[in-house]
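Next come a sequence and a model predicted from it.
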Amino acid sequence: MLLQREPRLRELRVFDLHLGPWLEELQTGPVQVTAIQGDVTQAHEVTAAVAGAHVVIHTAGLVDVFGRASSETIHEVNVQGTQNVIEACVQTGTQFLVYTSSMEVVGPNIKGHPFYRGNEDTPYEAAHRHPYPRSKALAEQLVLEANGRKVHGGLPLVTCALRPTGIYGEGHQIMRDIYYQGQRLGGRLFRAIPASVEHGRVYVGNVAWMHVLVARELQQQAALLGGQVYFCYDSSPYKSYEDFNMEILGPCGLRLVGARPLLPYWLLMFLALLNALLQWLLRPLLLYAPLLNPYTLAMANTTFTVSTNKAQRHFGYEPLFSWEDSRNRTIRWVRAMDGSAP
Ligand SMILES: NC(=O)c1ccc[n+]([C@@H]2O[C@H](COP(=O)([O-])OP(=O)(O)OC[C@H]3O[C@@H](n4cnc5c(N)ncnc54)[C@H](O)[C@@H]3O)[C@@H](O)[C@H]2O)c1
Ligand SMILES: CC(C)[C@@H](O)CC[C@@H](C)[C@H]1CC[C@H]2[C@@H]3[C@H](O)C=C4C[C@@H](O)CC[C@]4(C)[C@H]3CC[C@]12C
(Lines give C-alpha, C1' and ligand atoms only; values in the text may rest on other atoms or scores of the structure.)
(Ligands and ions follow the chains in the order given, each with its own letter.)
Protein backbone atom coordinates (compact mmCIF):
# COMPACT_ATOMS: atom_id res chain seq x y z
CA MET A 1 0.00 0.00 0.00
CA LEU A 2 2.96 2.33 0.63
CA LEU A 3 4.04 1.74 -2.97
CA GLN A 4 0.53 2.51 -4.22
CA ARG A 5 -0.41 5.35 -1.92
CA GLU A 6 2.76 7.17 -0.84
CA PRO A 7 3.91 9.36 -3.79
CA ARG A 8 7.02 10.62 -1.97
CA LEU A 9 8.35 7.13 -1.28
CA ARG A 10 11.85 6.64 -2.67
CA GLU A 11 12.83 3.36 -0.99
CA LEU A 12 10.84 0.71 0.83
CA ARG A 13 12.75 -1.61 3.13
CA VAL A 14 11.01 -4.74 4.33
CA PHE A 15 12.76 -6.24 7.37
CA ASP A 16 11.41 -9.62 8.41
CA LEU A 17 12.49 -12.92 9.90
CA HIS A 18 10.73 -14.67 7.04
CA LEU A 19 10.90 -13.13 3.58
CA GLY A 20 8.49 -14.52 1.01
CA PRO A 21 8.20 -14.72 -2.79
CA TRP A 22 5.51 -12.03 -2.57
CA LEU A 23 8.33 -9.52 -2.19
CA GLU A 24 9.50 -10.09 -5.74
CA GLU A 25 6.14 -8.84 -7.02
CA LEU A 26 6.79 -5.52 -5.27
CA GLN A 27 10.05 -4.92 -7.07
CA THR A 28 8.55 -4.03 -10.42
CA GLY A 29 7.93 -0.31 -10.03
CA PRO A 30 10.11 2.82 -9.86
CA VAL A 31 10.51 2.68 -6.08
CA GLN A 32 13.45 0.69 -4.78
CA VAL A 33 12.23 -2.22 -2.63
CA THR A 34 14.90 -3.66 -0.36
CA ALA A 35 14.13 -6.97 1.33
CA ILE A 36 16.21 -7.57 4.46
CA GLN A 37 16.05 -10.92 6.24
CA GLY A 38 16.62 -10.20 9.89
CA ASP A 39 15.54 -10.64 13.48
CA VAL A 40 14.22 -7.75 15.59
CA THR A 41 15.74 -9.41 18.66
CA GLN A 42 19.19 -8.76 17.16
CA ALA A 43 19.90 -5.07 17.80
CA HIS A 44 22.74 -4.83 15.32
CA GLU A 45 20.58 -6.22 12.51
CA VAL A 46 17.83 -3.74 13.29
CA THR A 47 20.25 -0.80 13.44
CA ALA A 48 21.76 -1.74 10.08
CA ALA A 49 18.30 -1.99 8.51
CA VAL A 50 17.03 1.29 9.98
CA ALA A 51 20.12 3.38 9.18
CA GLY A 52 19.18 6.20 6.80
CA ALA A 53 15.44 5.56 6.98
CA HIS A 54 13.14 8.56 7.29
CA VAL A 55 10.19 6.68 8.84
CA VAL A 56 9.99 3.29 10.53
CA ILE A 57 6.72 1.36 10.67
CA HIS A 58 7.30 -1.37 13.25
CA THR A 59 4.71 -4.08 12.75
CA ALA A 60 6.82 -7.19 13.40
CA GLY A 61 5.57 -9.29 16.24
CA LEU A 62 4.98 -12.75 17.59
CA VAL A 63 1.21 -13.11 17.62
CA ASP A 64 0.61 -16.13 19.79
CA VAL A 65 -2.30 -16.80 22.13
CA PHE A 66 -2.25 -20.52 21.44
CA GLY A 67 0.79 -21.54 23.45
CA ARG A 68 3.05 -22.16 20.48
CA ALA A 69 5.90 -19.96 21.76
CA SER A 70 7.24 -19.54 25.29
CA SER A 71 6.42 -16.39 27.22
CA GLU A 72 10.15 -15.57 27.15
CA THR A 73 10.22 -15.72 23.35
CA ILE A 74 7.08 -13.61 23.07
CA HIS A 75 8.62 -11.03 25.37
CA GLU A 76 11.95 -11.13 23.54
CA VAL A 77 10.38 -10.51 20.14
CA ASN A 78 7.60 -8.11 21.08
CA VAL A 79 9.24 -6.12 23.87
CA GLN A 80 13.01 -6.38 23.38
CA GLY A 81 12.49 -6.28 19.63
CA THR A 82 10.55 -3.04 19.97
CA GLN A 83 13.24 -1.60 22.25
CA ASN A 84 15.80 -2.49 19.59
CA VAL A 85 13.77 -0.62 16.97
CA ILE A 86 13.53 2.45 19.20
CA GLU A 87 17.26 2.43 19.94
CA ALA A 88 18.01 1.97 16.23
CA CYS A 89 15.95 5.09 15.44
CA VAL A 90 17.78 7.06 18.15
CA GLN A 91 21.24 5.89 17.14
CA THR A 92 20.79 6.38 13.39
CA GLY A 93 18.77 9.60 13.49
CA THR A 94 15.42 8.27 12.22
CA GLN A 95 12.85 10.72 13.51
CA PHE A 96 9.47 9.03 12.94
CA LEU A 97 8.28 5.71 14.36
CA VAL A 98 4.82 4.12 13.98
CA TYR A 99 4.12 1.03 16.08
CA THR A 100 1.46 -1.60 15.42
CA SER A 101 0.07 -2.13 18.88
CA SER A 102 -3.21 -3.95 19.58
CA MET A 103 -6.63 -3.70 21.17
CA GLU A 104 -5.30 -6.19 23.68
CA VAL A 105 -3.15 -3.50 25.25
CA VAL A 106 -6.50 -2.37 26.69
CA GLY A 107 -8.45 -5.59 26.96
CA PRO A 108 -10.39 -7.71 27.50
CA ASN A 109 -8.86 -7.74 30.98
CA ILE A 110 -8.43 -10.74 33.23
CA LYS A 111 -11.69 -9.88 35.01
CA GLY A 112 -13.71 -10.18 31.80
CA HIS A 113 -14.95 -6.60 31.97
CA PRO A 114 -16.76 -5.65 28.74
CA PHE A 115 -15.47 -2.74 26.66
CA TYR A 116 -18.57 -1.73 24.74
CA ARG A 117 -17.94 0.64 21.81
CA GLY A 118 -15.29 2.46 23.79
CA ASN A 119 -12.66 4.89 22.55
CA GLU A 120 -9.08 5.89 23.33
CA ASP A 121 -10.23 7.89 26.36
CA THR A 122 -12.69 5.37 27.82
CA PRO A 123 -11.68 4.42 31.37
CA TYR A 124 -10.96 0.69 31.57
CA GLU A 125 -8.90 -1.40 33.97
CA ALA A 126 -6.26 -2.90 31.70
CA ALA A 127 -5.02 -5.97 33.56
CA HIS A 128 -3.24 -8.78 31.75
CA ARG A 129 -1.72 -12.08 32.77
CA HIS A 130 -1.21 -13.67 29.33
CA PRO A 131 2.27 -13.18 27.79
CA TYR A 132 1.00 -11.79 24.46
CA PRO A 133 -1.15 -8.87 25.70
CA ARG A 134 1.44 -8.14 28.38
CA SER A 135 4.13 -7.91 25.73
CA LYS A 136 2.04 -5.61 23.52
CA ALA A 137 1.26 -3.34 26.46
CA LEU A 138 4.93 -3.11 27.47
CA ALA A 139 6.04 -2.49 23.88
CA GLU A 140 3.44 0.22 23.36
CA GLN A 141 4.55 1.89 26.57
CA LEU A 142 8.18 1.87 25.38
CA VAL A 143 7.16 3.47 22.09
CA LEU A 144 5.06 6.20 23.67
CA GLU A 145 7.69 6.95 26.33
CA ALA A 146 10.32 7.29 23.58
CA ASN A 147 8.37 10.16 22.02
CA GLY A 148 10.51 13.31 22.31
CA ARG A 149 13.85 11.53 22.87
CA LYS A 150 16.67 13.17 20.95
CA VAL A 151 17.85 11.12 18.01
CA HIS A 152 21.34 11.28 16.50
CA GLY A 153 21.58 14.78 15.03
CA GLY A 154 19.60 16.35 17.88
CA LEU A 155 16.05 16.25 16.50
CA PRO A 156 13.21 14.76 18.59
CA LEU A 157 11.90 11.23 17.96
CA VAL A 158 8.18 11.35 17.11
CA THR A 159 6.26 8.14 17.87
CA CYS A 160 2.68 6.89 17.87
CA ALA A 161 0.89 3.55 18.26
CA LEU A 162 -2.02 2.10 16.31
CA ARG A 163 -4.31 -0.41 18.06
CA PRO A 164 -6.10 -2.71 15.59
CA THR A 165 -8.98 -4.77 16.90
CA GLY A 166 -9.32 -8.29 15.44
CA ILE A 167 -7.84 -8.02 11.98
CA TYR A 168 -9.42 -10.03 9.18
CA GLY A 169 -8.80 -10.22 5.45
CA GLU A 170 -6.59 -11.92 2.92
CA GLY A 171 -3.97 -14.03 4.65
CA HIS A 172 -5.82 -14.35 7.99
CA GLN A 173 -4.55 -17.73 9.18
CA ILE A 174 -7.12 -18.13 11.96
CA MET A 175 -9.96 -17.59 9.48
CA ARG A 176 -8.27 -20.15 7.25
CA ASP A 177 -7.97 -22.65 10.10
CA ILE A 178 -11.63 -22.18 11.07
CA TYR A 179 -12.67 -22.65 7.43
CA TYR A 180 -10.85 -25.96 7.17
CA GLN A 181 -12.18 -27.02 10.57
CA GLY A 182 -15.70 -26.44 9.24
CA GLN A 183 -14.98 -28.37 6.07
CA ARG A 184 -13.74 -31.30 8.14
CA LEU A 185 -17.02 -31.17 10.07
CA GLY A 186 -19.16 -31.51 6.95
CA GLY A 187 -19.56 -27.79 6.31
CA ARG A 188 -20.72 -27.05 9.86
CA LEU A 189 -19.39 -24.97 12.72
CA PHE A 190 -20.93 -25.25 16.17
CA ARG A 191 -21.72 -22.06 18.08
CA ALA A 192 -19.70 -21.66 21.27
CA ILE A 193 -20.12 -17.92 21.86
CA PRO A 194 -23.40 -16.04 22.55
CA ALA A 195 -24.40 -13.89 19.57
CA SER A 196 -24.76 -10.96 21.97
CA VAL A 197 -21.01 -10.77 22.69
CA GLU A 198 -19.62 -8.11 20.34
CA HIS A 199 -16.03 -8.48 19.16
CA GLY A 200 -14.33 -5.67 17.24
CA ARG A 201 -13.00 -6.51 13.78
CA VAL A 202 -11.16 -4.39 11.20
CA TYR A 203 -10.14 -5.15 7.62
CA VAL A 204 -6.42 -5.54 7.01
CA GLY A 205 -6.47 -3.09 4.10
CA ASN A 206 -7.88 -0.35 6.34
CA VAL A 207 -5.28 -1.13 9.02
CA ALA A 208 -2.56 -0.78 6.37
CA TRP A 209 -4.10 2.46 5.12
CA MET A 210 -4.17 3.92 8.63
CA HIS A 211 -0.47 3.10 8.96
CA VAL A 212 0.34 4.85 5.65
CA LEU A 213 -1.66 7.92 6.62
CA VAL A 214 -0.27 8.29 10.14
CA ALA A 215 3.29 7.76 8.89
CA ARG A 216 2.73 10.70 6.55
CA GLU A 217 0.90 12.98 8.98
CA LEU A 218 3.30 12.25 11.88
CA GLN A 219 5.84 14.31 9.95
CA GLN A 220 3.46 17.21 9.41
CA GLN A 221 1.76 17.31 12.81
CA ALA A 222 4.34 15.98 15.27
CA ALA A 223 3.01 18.05 18.17
CA LEU A 224 -0.54 16.68 17.79
CA LEU A 225 0.20 13.06 16.85
CA GLY A 226 3.43 12.44 18.78
CA GLY A 227 2.95 10.09 21.75
CA GLN A 228 -0.66 9.31 20.78
CA VAL A 229 -2.54 6.01 20.41
CA TYR A 230 -5.26 5.36 17.84
CA PHE A 231 -7.66 2.44 17.58
CA CYS A 232 -7.86 1.02 14.05
CA TYR A 233 -11.48 0.91 12.95
CA ASP A 234 -13.70 0.82 9.88
CA SER A 235 -17.34 0.03 9.05
CA SER A 236 -17.05 -3.70 9.75
CA PRO A 237 -20.19 -4.67 11.71
CA TYR A 238 -20.35 -5.24 15.45
CA LYS A 239 -20.97 -8.99 15.82
CA SER A 240 -19.76 -11.91 17.88
CA TYR A 241 -16.48 -13.41 16.72
CA GLU A 242 -18.27 -16.41 15.26
CA ASP A 243 -21.13 -14.51 13.63
CA PHE A 244 -18.66 -12.13 12.06
CA ASN A 245 -16.65 -15.02 10.67
CA MET A 246 -19.84 -16.44 9.17
CA GLU A 247 -20.29 -13.23 7.15
CA ILE A 248 -17.31 -14.53 5.24
CA LEU A 249 -17.45 -18.30 5.71
CA GLY A 250 -21.21 -18.55 5.06
CA PRO A 251 -20.84 -17.55 1.39
CA CYS A 252 -17.96 -20.06 1.27
CA GLY A 253 -20.31 -22.92 2.11
CA LEU A 254 -20.18 -23.22 5.90
CA ARG A 255 -23.14 -23.15 8.31
CA LEU A 256 -23.08 -22.14 12.00
CA VAL A 257 -25.19 -24.61 13.98
CA GLY A 258 -27.13 -23.27 16.96
CA ALA A 259 -28.84 -19.99 17.71
CA ARG A 260 -27.14 -20.14 21.12
CA PRO A 261 -24.04 -21.98 22.38
CA LEU A 262 -24.56 -25.74 22.13
CA LEU A 263 -22.55 -26.30 25.31
CA PRO A 264 -22.72 -24.41 28.61
CA TYR A 265 -19.80 -22.08 29.34
CA TRP A 266 -18.56 -24.24 32.23
CA LEU A 267 -18.28 -27.26 29.94
CA LEU A 268 -16.49 -25.21 27.27
CA MET A 269 -14.05 -23.95 29.93
CA PHE A 270 -13.52 -27.53 31.08
CA LEU A 271 -12.68 -28.54 27.51
CA ALA A 272 -10.42 -25.49 27.17
CA LEU A 273 -8.57 -26.46 30.36
CA LEU A 274 -8.31 -30.02 29.08
CA ASN A 275 -6.71 -28.65 25.90
CA ALA A 276 -4.25 -26.66 27.98
CA LEU A 277 -3.38 -29.78 30.02
CA LEU A 278 -2.93 -31.85 26.86
CA GLN A 279 -0.72 -29.15 25.37
CA TRP A 280 1.48 -29.28 28.48
CA LEU A 281 1.63 -33.09 28.57
CA LEU A 282 2.32 -33.49 24.84
CA ARG A 283 4.87 -30.66 24.57
CA PRO A 284 7.91 -32.97 24.83
CA LEU A 285 6.54 -34.98 21.89
CA LEU A 286 4.60 -32.55 19.69
CA LEU A 287 3.00 -29.12 19.57
CA TYR A 288 -0.71 -29.38 20.31
CA ALA A 289 -2.18 -25.85 19.90
CA PRO A 290 -5.94 -25.89 19.29
CA LEU A 291 -8.02 -22.74 18.87
CA LEU A 292 -9.88 -23.45 22.12
CA ASN A 293 -7.93 -22.67 25.27
CA PRO A 294 -8.87 -20.78 28.45
CA TYR A 295 -7.54 -17.50 27.07
CA THR A 296 -9.17 -17.65 23.65
CA LEU A 297 -12.47 -18.73 25.17
CA ALA A 298 -12.40 -15.85 27.64
CA MET A 299 -11.47 -13.39 24.88
CA ALA A 300 -14.23 -14.55 22.55
CA ASN A 301 -16.73 -14.40 25.42
CA THR A 302 -16.00 -10.82 26.44
CA THR A 303 -17.45 -7.89 24.55
CA PHE A 304 -14.72 -5.64 23.18
CA THR A 305 -15.67 -3.11 20.50
CA VAL A 306 -14.55 0.39 19.69
CA SER A 307 -16.42 3.45 18.45
CA THR A 308 -14.07 6.34 17.83
CA ASN A 309 -13.10 8.97 15.30
CA LYS A 310 -9.80 10.06 16.86
CA ALA A 311 -7.81 8.99 13.79
CA GLN A 312 -10.22 10.91 11.59
CA ARG A 313 -9.98 14.01 13.77
CA HIS A 314 -6.18 13.90 14.10
CA PHE A 315 -5.04 12.85 10.66
CA GLY A 316 -8.06 12.66 8.40
CA TYR A 317 -8.36 8.87 8.37
CA GLU A 318 -11.32 7.46 6.51
CA PRO A 319 -11.50 3.72 5.75
CA LEU A 320 -10.27 3.01 2.24
CA PHE A 321 -12.35 -0.15 1.94
CA SER A 322 -16.08 -0.33 2.63
CA TRP A 323 -17.51 -3.24 4.63
CA GLU A 324 -18.88 -4.78 1.42
CA ASP A 325 -15.53 -4.49 -0.32
CA SER A 326 -13.62 -5.82 2.70
CA ARG A 327 -16.03 -8.75 3.00
CA ASN A 328 -15.96 -9.58 -0.72
CA ARG A 329 -12.17 -9.43 -0.90
CA THR A 330 -11.90 -11.80 2.09
CA ILE A 331 -14.51 -14.17 0.64
CA ARG A 332 -12.60 -14.25 -2.64
CA TRP A 333 -9.42 -15.11 -0.74
CA VAL A 334 -11.09 -17.96 1.19
CA ARG A 335 -12.63 -19.37 -1.98
CA ALA A 336 -9.26 -19.20 -3.74
CA MET A 337 -7.77 -21.31 -0.94
CA ASP A 338 -9.84 -24.37 -1.86
CA GLY A 339 -7.58 -27.16 -2.91
CA SER A 340 -4.78 -25.88 -0.71
CA ALA A 341 -6.13 -27.51 2.46
CA PRO A 342 -3.32 -28.62 4.83
N1 LIG B 1 -3.89 -10.29 13.70
C2 LIG B 1 -4.58 -9.45 14.46
O3 LIG B 1 -5.79 -9.59 14.68
C4 LIG B 1 -3.88 -8.28 15.10
C5 LIG B 1 -4.65 -7.36 15.82
C6 LIG B 1 -4.02 -6.28 16.42
C7 LIG B 1 -2.65 -6.10 16.29
N8 LIG B 1 -1.92 -7.01 15.59
C9 LIG B 1 -0.47 -6.76 15.47
O10 LIG B 1 -0.18 -6.61 14.08
C11 LIG B 1 1.19 -6.96 13.84
C12 LIG B 1 1.25 -7.91 12.66
O13 LIG B 1 0.61 -9.08 13.10
P14 LIG B 1 -0.13 -10.09 12.09
O15 LIG B 1 -1.45 -10.42 12.68
O16 LIG B 1 -0.04 -9.56 10.71
O17 LIG B 1 0.77 -11.39 12.28
P18 LIG B 1 1.82 -12.03 11.28
O19 LIG B 1 2.41 -13.18 12.04
O20 LIG B 1 1.16 -12.26 9.97
O21 LIG B 1 2.92 -10.88 11.08
C22 LIG B 1 3.99 -10.75 11.98
C23 LIG B 1 5.25 -10.54 11.13
O24 LIG B 1 6.34 -10.35 12.03
C25 LIG B 1 7.42 -11.15 11.59
N26 LIG B 1 8.28 -11.50 12.72
C27 LIG B 1 7.98 -12.33 13.75
N28 LIG B 1 9.04 -12.43 14.57
C29 LIG B 1 10.03 -11.67 14.05
C30 LIG B 1 11.37 -11.38 14.44
N31 LIG B 1 11.91 -11.92 15.55
N32 LIG B 1 12.10 -10.56 13.65
C33 LIG B 1 11.56 -10.01 12.54
N34 LIG B 1 10.30 -10.24 12.10
C35 LIG B 1 9.55 -11.07 12.87
C36 LIG B 1 6.77 -12.39 11.00
O37 LIG B 1 7.65 -13.07 10.14
C38 LIG B 1 5.56 -11.79 10.29
O39 LIG B 1 5.88 -11.40 8.97
C40 LIG B 1 1.71 -7.56 15.15
O41 LIG B 1 2.51 -6.61 15.83
C42 LIG B 1 0.44 -7.86 15.95
O43 LIG B 1 0.67 -7.80 17.35
C44 LIG B 1 -2.49 -8.09 14.99
C1 LIG C 1 -12.84 -21.87 20.03
C2 LIG C 1 -13.88 -20.79 20.05
C3 LIG C 1 -14.09 -20.28 21.47
C4 LIG C 1 -13.50 -19.66 19.11
O5 LIG C 1 -14.54 -18.73 19.03
C6 LIG C 1 -12.19 -18.97 19.59
C7 LIG C 1 -11.88 -17.74 18.78
C8 LIG C 1 -10.45 -17.23 19.11
C9 LIG C 1 -9.43 -18.12 18.39
C10 LIG C 1 -10.36 -15.75 18.73
C11 LIG C 1 -11.39 -14.91 19.52
C12 LIG C 1 -10.78 -13.52 19.68
C13 LIG C 1 -9.51 -13.57 18.85
C14 LIG C 1 -8.41 -12.54 19.17
C15 LIG C 1 -8.93 -11.10 19.00
O16 LIG C 1 -9.56 -10.95 17.73
C17 LIG C 1 -7.83 -10.11 19.08
C18 LIG C 1 -6.52 -10.44 18.99
C19 LIG C 1 -5.51 -9.37 19.24
C20 LIG C 1 -4.40 -9.36 18.19
O21 LIG C 1 -3.36 -8.51 18.62
C22 LIG C 1 -3.85 -10.74 17.93
C23 LIG C 1 -4.95 -11.76 17.62
C24 LIG C 1 -6.03 -11.81 18.72
C25 LIG C 1 -5.39 -12.32 20.01
C26 LIG C 1 -7.19 -12.75 18.25
C27 LIG C 1 -6.75 -14.23 18.23
C28 LIG C 1 -7.91 -15.22 18.00
C29 LIG C 1 -9.03 -15.02 19.02
C30 LIG C 1 -8.54 -15.32 20.41
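Perfect, thanks for sending it. Ligands and ions are numbered 1, 2, ... in the order given.

Could I get the buried residue list for the strand or helix carrying Arg117?
Take DSSP states H and E as the rule and Arg117 turns out to sit in strand 115-118. For strand 115-118, burial by neighbour count (16 or more other C-beta atoms under 10 Å) applies to 115, 118. No exception for glycine: its C-beta is placed from N, CA and C like everyone else's.

which stretches of the chain form helices?
Counting by DSSP state H, the chain has helices at residues 2-5, 22-26, 43-50, 71-75, 81-92, 131-145, 173-184, 204-220, 222-225, 241-249, 265-282, 294-300, 310-315, 323-337.

Pull up the residues of the stretch 1-150 of the chain that are close to ligand 2.
Within the stretch 1-150 of the chain, the positions near ligand 2 by C-beta under 6 Å from any ligand atom are 63, 65, 102-104.

Closest one of these to ligand 2?
Of all those, ligand 2 sits closest to Ser102, with 3.4 Å by C-beta to the nearest ligand atom.

I'd say that closest one and Pro164 touch.
Yes. Between Ser102 and Pro164 there is a contact under C-beta atoms under 8 Å: 6.3 Å.

so where's the stretch 51-200 of the chain uncertain?
Within the stretch 51-200 of the chain, not a single segment meets pLDDT under 70.

repeat that for 90
The stretch 51-200 of the chain contains residues with pLDDT under 90 at 110.

In it, which residue sits closest to ligand 1?
Nearest to ligand 1, among the residues of the stretch 51-200 of the chain, is Gly61, at 2.8 Å (C-beta to the nearest ligand atom).

How many neighbouring residues does that residue have?
Here the number of neighbours of Gly61 (other C-beta atoms under 10 Å) works out to 20.

list the contacts for the nearest residue to it once chain neighbours are set aside?
Excluding its sequence neighbours, the residue lying closest to Gly61 (C-beta to C-beta, 6 or more residues apart in numbering) is Asn78, at 5.2 Å. Shown in contact with Asn78 (C-beta atoms under 8 Å, 6 or more residues apart in numbering): 61-62, 132, 135-136, 138-139.

Tell me who's in contact with the closest residue to Gln83 other than its chain neighbours.
Spatially, and ignoring its direct neighbours in sequence, Gln83 is nearest to Leu142 (5.7 Å; C-beta to C-beta, 6+ apart). Contacts for Leu142 (C-beta under 8 Å, 6+ apart) come out as 79, 82-83, 86.

quick check, nearest of these to Pro319?
Nearest to Pro319 among those is Thr82, at 26.7 Å by C-beta to C-beta.
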